[in-house]
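Trainee: here's a sequence, model it:
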Amino acid sequence: MRPLKQRVAHLMRQFPFLYPLISRVIGLFAARFTVGVTGVVFNERGEILLLEHVFRGRHPWGLPGGWVGRHERPQDALRRELREEVGLSVQVGPPLLVDLDELPGHLETAFLCQVDGEVGSFSNEILAARWVSPDALPEGLKTLEREMVDRAIRLRQCPVGQ
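Mentor: All right, here's what the predicted structure looks like:
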């Protein structure tokens, strides 16, 4: 007699339609999250891009980012958000952080980025943009964003593989 897990594996291989069916059933009970994406964007001088956001009350100045759309890769969402918000093209590098944000049910992802152009016109969501030295970050920055910046600085100092 084969162990249960081997029998289940055999059934799953014999009837591949079972996996999507099981996934849908699990989806009825699994946690749901909105997903955000944030970029720690550096320029050639080692400064970080901060944006003054219209819709942020307590923390108006912060890192650029936004919401990940349905079926959108976080890296693509970040490129899109930066293009839409400030007309900026970036190279999206390695992930820095995946964590729960202060919003209930919101998962935030962050990436190290390098600027690839100049800041252009602002969307209706952005009031201003400025480049700041990593040691001159404003007081009102969210705790999670400060952690993203700290991780980005460490990664830039010790690149992977060195």
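
Trainee: show me the contacts for Asp101.
Mentor: Gly36, Leu107, Glu108, Leu144 (Cβ atoms under 8 Å, 6 or more residues apart in numbering). Where you see a C-beta, it was placed from the backbone N, CA and C, and this is true even at glycine.

Trainee: what's the longest helix anywhere in the chain packed up against?
Mentor: Identified as the longest helix of the chain according to DSSP state H is helix 143-157. Contact here means 3 or more Cβ pairs under 8 Å, 6 or more residues apart in numbering; DSSP states H and E; on that basis helix 143-157 packs against strand 34-42, strand 90-100, strand 106-115.

Trainee: run the chain-centre distance for that helix.
Mentor: 13 Å (Cα atoms, centre = their mean, to the nearest Å).

Trainee: and that helix with strand 90-100, angle?
Mentor: If you take axes from the mean of the first three to the mean of the last three Cα atoms, to 10 degrees, helix 143-157 sits at 130 degrees to strand 90-100.

Trainee: I'd like the average pLDDT over helix 143-157.
Mentor: The pLDDT scores in helix 143-157 average 94.

Trainee: from the contacts of Asp101, which two are the most distant?
Mentor: Between any two of the contacts of Asp101, the greatest separation by Cβ to Cβ is 11.4 Å, found for Leu107 and Leu144.
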